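*Asks:* Structure for this input, please:
(one chain, ligands or ions: 1)
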Amino acid sequence: MRRFTVYDSRTRETRVFAPLSPPRVGLYVCGLTPYAPAHVGHGRTMTFFDVVARALRRWGYRVFYVQNVTNLDDHLIARASEDGVDPLALADRHFQDFRRSMDTLGNRSVNHYPFATDYVPEILAQIRQLVEKGYAYVADDGSVYFSVAKFPEYGKLSGQKLEALKPGARLELDERKRAPEDFVIWKATTPGEPSWESPWGPGRPGWHIEDTAMIFRLLGERCDLHGAAVDLIFPHHEAEVALAEAASGVAPFANYWMHGGLLLMEEEKMSKSLGNVALLDDAIERVGPGPLRLYYLNAQYRSPLVFQAGKSLEEAREAYSRLTVVYDRISELLERDGPERPGAELPEALGDAAEQLVERLDTTLADDFNTREAIALLFGWTRRLAEELPRLEGYSGSALEELAQPYRWGEEVLGLFVRAPTGPTGAWAAIVPVALAARARARARGDYAEADRIRDELRAAGVELEDDSSGTRWRAAPPG
Ligand SMILES: [Zn+2]
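*Replies:* Model (predicted):
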């Protein structure tokens, strides 16, 4: 396992990471409340934590990555009633879209996306425990609140002082609460809302407790790494710490807290033709997953990043094409001729440089996930290879593979350079060879009309064939 450091928001220092039970790492990231389509800001947070999971796996840790889905809350209920639909169905629909977007963007490292409403028994058990221990109380209407005064360490994660939250602070006054800073963990429901039976009457879970109940169930009373964007530190994560440590009696609840910077929308004159590129899907459609990932990762992850709808994406597209020019050529040659292609071997210095660069990329990322510096190193490699570009054709397959190593690292860890599959996938991959064999038999017996017919039908279905001396190759034809 590679040693790495992480800036821990809990201790406010950069620490060497040590898992609770190596090599396993429980990673939990606050996920989506799917009441509307995902935003470019979600893309930033999810892409960053995807890189964290990819890196840890590369370095030998066994990561179990959980990202919750808050599929019921006030926003969802309000939005659903406006649209006259069921809130749980609305959440489900937006979540499915989100999964597709994540897949396109290359964020596939999450092991489990638990839905809050699937954990009501665990949530109720934790609430019961908190009531029994005296940390929570039942209000007149059957709601249950966590009593912040009972947990003197409240504020330790965010550095917020409780005094600052006392009356006068921006907390809505609620007669059901004993103190304004108390927060709801079980909400008594009004008729028509989704609700569950509880010892205190029908209700639904509050927001903060869904995370702690899921973490206890899926990762244990303590987790290794808890992450989200920085806007969730207070009150959400502060509340999680209080709930978890009050319920379990062990601390710290999360061994390391990682908070990513926000994506700030630049208030620019949005022309109608630009459309609403604040939506993640629109941004993906506009420039593709590679440039968008480059945009997200080419910044210090804790710093705010300003998103200027048109400009940011265009710059990313342009930078991405500069970054990929050499790798594209290498991939082209390897795809065309295969890894055994004959040619010159690599000058030793260049081979050594590639190997050393991969090591440097790992050490750079192991320094609190410095994706920005890693990308700078990849740009440096591309600049160095620019003079090799005309000579690439002359190199052997293994020489090209050596040159490609740093880019392969970028593909594996940063998720860059993802290309659309060049051949039909899934069922196609099984069916096309059958059609090709039939065509080969037709040609062997001299029935060229039949062979052409098979080729034309495959073409109509989106598969292009290419015949040469070594046989027939096929690829998915570009759409349209
Ligand atoms: Zn959360």
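*Asks:* so Y320 makes contact with L294?
*Replies:* Yes. Applying Cβ atoms under 8 Å as the test, Y320 and L294 come out as touching, 5.0 Å apart. (Glycine included, C-beta is placed from N, CA and C.)
*Asks:* So for those two, which sits in the more crowded spot?
*Replies:* L294 (25 against 21; other Cβ atoms under 10 Å).
*Asks:* That one: what's it in contact with?
*Replies:* A316, A319, Y320, L323, I375, L416 (Cβ atoms under 8 Å, 6 or more residues apart in numbering).
*Asks:* who touches the closest residue to the fifth one other than its chain neighbours in this structure?
*Replies:* Among residues not flanking I375 along the chain, N298 sits closest, at 5.0 Å (Cβ to Cβ, 6 or more residues apart in numbering). For N298, the contacting residues are A316, A319, T371, R372, I375, by Cβ under 8 Å, 6+ apart.
*Asks:* Which of these sits closest to the ion?
*Replies:* Nearest to the ion among these: T371, at 23.3 Å, using Cβ to the ion.
*Asks:* ok, that closest one - contacts?
*Replies:* F48, V51, L297, N298, A299, Y301, L365, L414.
*Asks:* Out of these, which sit inside helices?
*Replies:* Taking DSSP state H, the ones among the contacts of T371 that sit in helices are F48, V51, L297, L365.
*Asks:* Buried only: go through these for me.
*Replies:* Buried subset of those (neighbour count, 16 or more other Cβ atoms under 10 Å): F48, V51, L297, L365.
*Asks:* Pull the distance from whichever helix or strand T472 is part of to the chain's centre.
*Replies:* Taking DSSP states H and E as the definition, one finds T472 inside strand 471-476. Here the centre of strand 471-476 is set off from its chain's centre by 34 Å, with Cα atoms, centre = their mean, to the nearest Å.
*Asks:* Which neighbouring elements make contact with that strand?
*Replies:* Identification of packing neighbours for strand 471-476 by 3 or more Cβ pairs under 8 Å, 6 or more residues apart in numbering; DSSP states H and E yields helix 427-444, strand 463-468.
*Asks:* 10 Å - rerun?
*Replies:* helix 309-337, helix 427-444, helix 448-460, strand 463-468 (3 or more Cβ pairs under 10 Å, 6 or more residues apart in numbering; DSSP states H and E).
*Asks:* looking at the ones you listed, which has the lowest confidence?
*Replies:* Note on the helices and strands packed on strand 471-476: lowest mean pLDDT is at strand 463-468, with a mean of 81.
*Asks:* Residue numbers of this protein in contact with the ion?
*Replies:* Taking Cβ under 5 Å from the ion as the measure of proximity, the chain contacts the ion at C30, D211.
*Asks:* switch the cut-off to 6 Å
*Replies:* Listed as neighbours of the ion in the chain under the rule Cβ under 6 Å from the ion: C30, D211, H236.
*Asks:* which one of those residues is nearest S312?
*Replies:* C30 (24.6 Å; Cβ to Cβ).
*Asks:* secondary structure class for the residue lying closest to the closest one once chain neighbours are set aside?
*Replies:* Computed as Cβ to Cβ, 6+ apart, the closest residue to C30 that is not its neighbour in sequence is A228, at 3.9 Å. Three-state call for A228 (DSSP: H, G, I helix; E, B strand; the rest coil): strand.
*Asks:* Now the closest residue to the ion within the stretch 201-350 of the chain. Nearest residue, chain neighbours left out?
*Replies:* Relative to the ion, the nearest point of the stretch 201-350 of the chain is D211 (4.2 Å; Cβ to the ion). Spatial nearest neighbour of D211, excluding adjacent residues (Cβ to Cβ, 6+ apart): E240 at 5.3 Å.
*Asks:* And for T70?
*Replies:* Using Cβ to Cβ, 6+ apart, the closest residue to T70 is T33 (4.2 Å).
*Asks:* Name all residues that make contact with the one you found.
*Replies:* Listed by Cβ atoms under 10 Å, 6 or more residues apart in numbering, the contact partners of T33 are 68-76, 91, 94-95, 116, 207.
*Asks:* Show me what whichever strand or helix holds P406 is packed up against.
*Replies:* Assigned by DSSP H and E, P406 falls within helix 397-409. In terms of contacts (3+ Cβ pairs under 10 Å, 6+ apart), helix 397-409 is packed against helix 309-337, helix 348-365, helix 371-385.
*Asks:* out of those helices, deepest packed?
*Replies:* With neighbours defined as mean count of other Cβ atoms under 10 Å, these peak in mean count at helix 371-385, which reaches a mean of 18.
*Asks:* on that earlier part again, quick check: angle from the strand holding T472 to helix 427-444?
*Replies:* Strand 471-476 and helix 427-444 meet at an angle of 150 degrees, taking axes from the mean of the first three to the mean of the last three Cα atoms, to 10 degrees as the criterion.
*Asks:* Sweet, I'm off.
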